[in-house]
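Enquirer: I'll drop the sequence and a predicted model, then ask my questions.
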Amino acid sequence: MGILDRIFGGHGGGHGSSHGHGNSRGHGSPSSHDWGHNPAPSVSGITCPQCKAINPNGARFCGQCGTSLVPASCAKCSSVIPTGAKFCAQCGNAVI
């Protein structure tokens, strides 16, 4: 037996060897403890169309940039005007 065999002998290639030592779970097996891999917290609220900040439900203005969170309505037909629209999609009235 050479010196390298004496130094490295009995070590089955390092990590992941299947010699029955320690835990039998493979790297891809599910675990009850997924350390560092917590699911993203659920975010509820209104996203600001301008700065993308999350605001509480019911907020009328963004707490970060002051943009109105209430959809605009057409002065002529009262239809909801999408953010950034220049004209009403229902009646063609110019948005002021």
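Expert: Looks like it came in fine.

Enquirer: Hmm, T83 is touching P49, no?
Expert: Yes - T83 is in contact with P49 according to C-beta atoms under 8 Å; the separation is 4.5 Å. No exception for glycine: its C-beta is placed from N, CA and C like everyone else's.

Enquirer: Show me the shaky parts of this structure.
Expert: 1, 10-43 (pLDDT under 70).

Enquirer: List the buried residues of stretch 82-92.
Expert: Buried residues in stretch 82-92, counted by 16 or more other C-beta atoms under 10 Å: C88.

Enquirer: Alpha carbons only: can I get that stretch in PDB?
Expert: Extracted in PDB, the C-alpha atoms of stretch 82-92 (Å, rounded to 0.1, in the frame of the first residue of the first chain):
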ATOM      1  CA  PRO A  82     -56.400  52.900 -17.400                       C
ATOM      2  CA  THR A  83     -53.200  54.400 -16.100                       C
ATOM      3  CA  GLY A  84     -51.300  56.200 -18.900                       C
ATOM      4  CA  ALA A  85     -54.300  56.400 -21.300                       C
ATOM      5  CA  LYS A  86     -54.600  59.700 -23.200                       C
ATOM      6  CA  PHE A  87     -58.200  59.000 -24.400                       C
ATOM      7  CA  CYS A  88     -61.200  57.100 -23.000                       C
ATOM      8  CA  ALA A  89     -61.500  53.700 -24.700                       C
ATOM      9  CA  GLN A  90     -65.400  53.900 -24.500                       C
ATOM     10  CA  CYS A  91     -66.200  57.300 -25.800                       C
ATOM     11  CA  GLY A  92     -62.900  58.800 -27.100                       C
END
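
Enquirer: No more questions from me, cheers.
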